[in-house]
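Participant: Return atomic coordinates for the entry below.
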Amino acid sequence: MRPGLLKKLGKSVSRIVAALAVILGIPAVIYLFWRPGSGEPLPPYPGNAIWIGHGWLGDDAWFARNRRNKADFRTDEKISALFSRLKANKIAVVFPHLCPARPDGKIAAWDDAQLGRFLDLAEKYGIKVIPWIGGVLEESARPDDERWRRNFIASVGELLKKHPRLAGVQINIEPLPGGNADLLRLLDELRPVVANKTLSVAAYPPPTRWHRFPDVHWRLVYINRVARHCDQLAVMMYDTAIPLEKFYVKLMTDWTHELVGAVRPTGCELLLGIPAYEDAGVGYHHPHVENISSALRGISGSDRLDRIGGIAIYCEWEMSDAKWQHWRKFIK
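Facilitator: Below you'll find the predicted structure:
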């Protein structure tokens with residue numbers, strides 16, 4: 001090949017490379033300067049909540065099975081330390097874990113003396129207690145089975161009768177595909193037992209192009225239907241598999257807008273669930289993307305903040321001093 005031709009070819013390749021660099025670099029530059037969400041504090045919500053562990057209410061058998069120390073949970077000092085920390089961080093509601101339900105439908109066993117002690121101190125600190133009950137669909141949770149529902153509802157009635165100071169119960173069944181009519185039936189059958197207390201549901205967020213798994217997303221029409229059958233929706237706004245933080249921030253803003261639109265007309269209280277856990281390497285969650293700071297930055301970018309009942313943190317046992325500091329930047 002002649003030297004002149006080689007020179008021309010070299011210039012053409014250089015131009016192509018330069019053009020590609022510009023084309024590919026434009027999205028990177030846009031992403032660099034993009035500022036989704038907001039750093040502004042959120043309104044002083046009265047219903048900020050947090051999911052807490054099984055040990056706070058669990059029976060002796062749970063401690064034996066899991067080789068846990070009862071002294072970490074069953075003392076006035078430990079309970080007071082928990083409530084003092086939560087109160088200082090503007091948390092008004094706790095969801096203690098009482099899952100999974102037993103095969104016959106009865107909810108997980110609790111310790112009566114501990115639950116009484118827990119409620120005594122909850123009253124002192126002005127914190128509501130709403131146990132988190134349910135289980136894995138088709139394993140520990142069978143809302144399609146009449147006998148399972150009957151036993152489940154009877155055990156909820158027993159719990160609330162023995163401990164009337166409980167503020168209600170929260171139903172959490174996972175995974176639960178949108179459109180499931182059995183959940184609605186279960187909520188309707190629970191209503192007479194729960195009566196005037198809070199009937200809460202741990203709900204899924206709307207579908208998103210970033211995470212196309214219908215088992216863990218509910219369309220807005222179904223979210224609206226569920227909201228009409230309960231008093232409170234705590235929407236789990238995480239596990240999106242998004243690898244870039246700013247896209248998650250923007251999604252949180254969008255979800256906030258969509259959820260308020262779907263839930264507000266029903267009169268149901270809306271809590272927005274945010275992640276504090278560190279499950280790295282699972283694929284559906286990246287801690288450097290989904291975290292306290294990015295979630296709250298996204299929520300704060302919404303123009304519908306006055307229509308939310310509160311923010312719910314998942315979960316207390318993953319919180320650290322650093323994470324509480326991130327929380328306090330937005331929760332004043």
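
Participant: how about the helices of the chain, start to end?
Facilitator: Secondary structure of the chain (DSSP state H): helices located at 3-33, 60-66, 76-88, 112-125, 146-162, 181-194, 220-227, 245-263, 292-299, 321-330.

Participant: so which of the ones you listed is the most packed in?
Facilitator: Compared across these, helix 292-299 shows the largest average neighbour count, a mean of 24 (mean count of other C-beta atoms under 10 Å). For every residue, glycine as well, the C-beta is placed using N, CA and C.

Participant: Can you name the residues in contact with that helix?
Facilitator: 36-39, 42, 237-238, 245, 248-253, 255-256, 272, 274-276, 305, 308, 311, 313, 323, 326-327, 329-331 (C-beta atoms under 8 Å, 6 or more residues apart in numbering).

Participant: can you rerun that using 6 Å?
Facilitator: For helix 292-299, contacts defined as C-beta atoms under 6 Å, 6 or more residues apart in numbering pick out 37, 245, 248-249, 252-253, 256, 272, 274, 276, 323, 326-327, 330.

Participant: quick revisit: in JSON lines, list the helices of the chain along with distance to I52 and mean pLDDT.
Facilitator: Output for the helices of the chain, formatted as JSON lines (distance: least, C-beta to C-beta, whole Å; pLDDT from 0 to 100):
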{"stretch": "helix 3-33", "distance to I52": "37", "mean pLDDT": "56"}
{"stretch": "helix 60-66", "distance to I52": "14", "mean pLDDT": "97"}
{"stretch": "helix 76-88", "distance to I52": "7", "mean pLDDT": "98"}
{"stretch": "helix 112-125", "distance to I52": "10", "mean pLDDT": "98"}
{"stretch": "helix 146-162", "distance to I52": "17", "mean pLDDT": "98"}
{"stretch": "helix 181-194", "distance to I52": "20", "mean pLDDT": "98"}
{"stretch": "helix 220-227", "distance to I52": "24", "mean pLDDT": "98"}
{"stretch": "helix 245-263", "distance to I52": "23", "mean pLDDT": "97"}
{"stretch": "helix 292-299", "distance to I52": "16", "mean pLDDT": "98"}
{"stretch": "helix 321-330", "distance to I52": "15", "mean pLDDT": "97"}
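
Participant: and A203, which of those helices is closest to it?
Facilitator: helix 220-227 (6.2 Å; C-beta to C-beta).

Participant: Taking helix 245-263 as reference, get the angle to that closest one.
Facilitator: Helix 220-227 and helix 245-263 are oriented at 60 degrees to each other (axes from the mean of the first three to the mean of the last three C-alpha atoms, to 10 degrees).

Participant: what angle separates helix 220-227 from helix 181-194?
Facilitator: Helix 220-227 and helix 181-194 meet at an angle of 20 degrees, taking the same axes, to 10 degrees as the criterion.

Participant: For helix 220-227, what is the distance to the chain centroid?
Facilitator: Remark: helix 220-227 is offset 17 Å from the chain centroid, using C-alpha atoms, centre = their mean, to the nearest Å.

Participant: Which strands or helices does it pack on?
Facilitator: Other elements packing on helix 220-227 under the criterion 3 or more C-beta pairs under 6 Å, 6 or more residues apart in numbering; DSSP states H and E are helix 245-263.

Participant: F63 touches A71, doesn't it?
Facilitator: No. Using C-beta atoms under 6 Å, F63 is not in contact with A71, being 9.9 Å away.

Participant: before we move on, back to that, just put the helices of the chain in TSV and tack on distance to S140.
Facilitator: Formatted as TSV, the helices of the chain follow (distance: least, C-beta to C-beta, whole Å):
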stretch	distance to S140
helix 3-33	43
helix 60-66	14
helix 76-88	26
helix 112-125	21
helix 146-162	10
helix 181-194	14
helix 220-227	20
helix 245-263	27
helix 292-299	28
helix 321-330	30
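
Participant: out of the ones you listed, nearest to P131?
Facilitator: helix 146-162 (7.1 Å).
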